[in-house]
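1. From the sequence below, what's the structure:
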Amino acid sequence: MFIDKARITVKGGNGGNGAVSFYRAKYVPNGGPDGGDGGRGGDIVFVADEGLNTLMDFRYKRSFKAENGQDGSKRNCSGKDADNIYIRVPIGTVIKEANTGKVMADISEKDQQAVLIKGGKGGKGNQHFATAVRQAPRYAERGRASKEYEIVLELKLIADVGIIGLPNVGKSTLLSMATNANPKIANYHFTTLAPNLGVVRSVYGTDFVMADIPGLIEGASEGVGLGHEFLRHVERTKVFIHVVDIAALEGRDPLDDIEKINNELKVYNEKLLERPQVIACNKTDAMEDDENLNKMKAKYEPLGIKVFALSAASNSGISELIMHVGEMLADYPDTIIFEEDYEEFYEMPEEMESFTITINADGVYIVEGVGVEKMVSNTSIDTEKGFAFFQKYLRDKGIIDALEEKGIAEGETVAIYDMMFDYYK
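-> Okay, here's the model as predicted:
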């Protein structure tokens, strides 16, 4: 089954907590601090896999969570770093943050790896906080919490040649005759409900990949039918073979068909019309005369677009078409990068992250925000030093001022994630 879109949740591992420990031995009753550091949490890493051409695996597994780092322990023993989670996806997968739609990673090259989420750092053990004045610190850092995102995976097939055209013009038949693909073929609209890939072998020159792109109809660029679901698959195609029913068996004008599809490409992404294109006039075996074929050549060949007459059903004219396309690909610059106009996801630095304050039905002031969450998870407020740092953070971040603007009174309760306290000036 071909699946080209999936929605999943990914979370990096949290860092392990630092340890509070003091060296003890038979003749050393007051040894110094020896609390070890926490281990690093596991990363979430996406890996390009040439052997995959669908996102079907994500239909059954929709949540991926890396392990947390181990806590530090006594005798300066650091916790073990957690293993990374490697998620394999097809080449051509674009990863977007679900809420904003911004692109977090674009997996477009062989063996590419993208670290989507870094695991949290391990907290420092109390050995790091010993000073000449404070020789027995009973304070250690908590491990840093990692990020969690809901993401959307979108597969954009990477093919050398894309076969485009209105339904029922013979795209799948052409693919089956020219390559090793075996698409479903029938004489009715929308037989093809998913892109099909095939490889043209070296009898025509250098091997290349062809893709039959279904679902292109008038209005596809605006989401009519399954337009948006399939148009993205043409974005990374080097050359288009535009197949048209030159015999007009369904009463359409072949030249108008070409204009309709090209207009959909232009509306969706005008840069697509800059790609090399050839026109395959199919079903010549059913033509009553050469009028339509001659009109097609007269209009497009002066524009540098080669027009081929063929019958995919009888395998007539296909060799000439494929050899010409092979020559076009041979002259195609390898340095061309198919840049897309998308907005990249930008993770705001912790010190710039905002916070929100809401009041629940019980009159509790609830403070939320990623930076605030990290501060709470990294600070041990049950120690004098930790609590002092916590108070300073609330002042410096502007949380105290914001609470007062909300009308908080002394003795009222503030909740910051799993921590609650009463407010006093």
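2. any weak-confidence spans in the stretch 151-300 of the chain?
-> Flagging of the stretch 151-300 of the chain using pLDDT under 70 yields the residue ranges 158, 180-195, 202-205, 215-230.
3. Let's see that with 80 instead.
-> Applying pLDDT under 80 to the stretch 151-300 of the chain picks out residues 156-159, 178-199, 201-207, 214-236, 250-251.
4. Run through the strands of it in chain order.
-> For the stretch 151-300 of the chain, strands defined by DSSP state E, counting those that start in this stretch occupy the ranges 161-164, 196-200, 208-212, 239-245, 277-282.
5. Now distance to Tyr424 and mean neighbour count too, for the ones you listed, in TSV please.
-> Placement of C-beta: from N, CA and C, glycine included. Listed next are the strands of the stretch 151-300 of the chain as TSV, based on distance: least, CB to CB, whole Å; neighbours: other CB atoms under 10 Å:
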stretch	distance to Tyr424	mean neighbour count
strand 161-164	68	27
strand 196-200	67	21
strand 208-212	67	24
strand 239-245	70	25
strand 277-282	73	24
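6. Dump the ones you listed to CSV, plus distance to Tyr139.
-> Listed next are the strands of the stretch 151-300 of the chain as CSV, based on distance: least, CB to CB, whole Å:
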stretch, distance to Tyr139
strand 161-164, 62
strand 196-200, 59
strand 208-212, 60
strand 239-245, 65
strand 277-282, 68
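7. Next, the contact list for Glu97, please.
-> 104, 149-152, 345 (CB atoms under 8 Å, 6 or more residues apart in numbering).
8. Could you tell me which of those residues count as buried?
-> Buried residues within these, counting neighbours by 16 or more other CB atoms under 10 Å: 104, 149, 151-152, 345.
9. Make a markdown table from those and add distance to Lys425 to it.
-> Formatted as a markdown table, the buried ones among the contacts of Glu97 follow (distance: CB to CB, whole Å):
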| residue | distance to Lys425 |
| --- | --- |
| Met104 | 43 |
| Tyr149 | 38 |
| Ile151 | 43 |
| Val152 | 46 |
| Phe345 | 40 |
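10. Check the residues you listed and tell me the two furthest apart.
-> The most widely separated members of the buried ones among the contacts of Glu97, counting by CB to CB, are Val152 and Phe345 (11.5 Å).
11. Between these two, which contacts overlap?
-> Common neighbours of Val152 and Phe345 are listed as 96-97 (criterion: CB under 8 Å, 6+ apart).
12. Tell me the secondary structure at Ala145.
-> Assigned by DSSP: H, G, I helix; E, B strand; the rest coil, the conformation of Ala145 is coil.
13. Could you give the number of residues near it?
-> Residues within reach of Ala145, counting by other CB atoms under 10 Å, total 21.
14. what do you get for Thr179?
-> Quick note: Thr179 (other CB under 10 Å) scores 23 neighbours.
15. now it, nearest residue through space, not along the chain?
-> Nearest in space to Thr179, with sequence neighbours left out and distances taken as CB to CB, 6 or more residues apart in numbering, is Gly198 at 2.7 Å.
16. residues in contact with that neighbour?
-> 175-176, 178-181, 209-212.
17. cool, and Phe64?
-> 8-11, 44, 85, 87.
18. buried subset of those?
-> For those, buried by 16+ other CB under 10 Å: 8, 10-11, 44, 85, 87.
19. could I get these as TSV with pLDDT?
-> Shown next, in TSV, are those (pLDDT from 0 to 100):
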residue	pLDDT
Ile8	94
Val10	95
Lys11	95
Ile44	95
Ile85	96
Ile87	95
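20. remind me which residues of the stretch 1-150 of the chain are low pLDDT?
-> In the stretch 1-150 of the chain (pLDDT under 80), the answer is 1-4, 25-31, 53-54, 129-141.
21. centroid residue for this protein?
-> Here the mean C-alpha position of the chain is nearest to the C-alpha of Ile95 (CA atoms, centre = their mean), at a distance of 0.5 Å.
22. excluding its backbone neighbours, what's nearest that residue?
-> Ile95 sits nearest to Ala105 (CB to CB, 6+ apart), 4.4 Å away.
23. tally of neighbours for the one you found?
-> If you count neighbours by other CB under 10 Å, Ala105 ends up with 21.
24. now it, what's its secondary structure?
-> On the basis of three-state DSSP, Ala105 is classed as strand.
25. Surely it is in contact with Phe46?
-> Yes - the pair Ala105 and Phe46 passes the contact test of CB atoms under 8 Å, sitting 6.0 Å apart.
26. Now do the shared contacts for those two.
-> Common neighbours of Ala105 and Phe46 (CB under 8 Å, 6+ apart) are 95, 114, 116.
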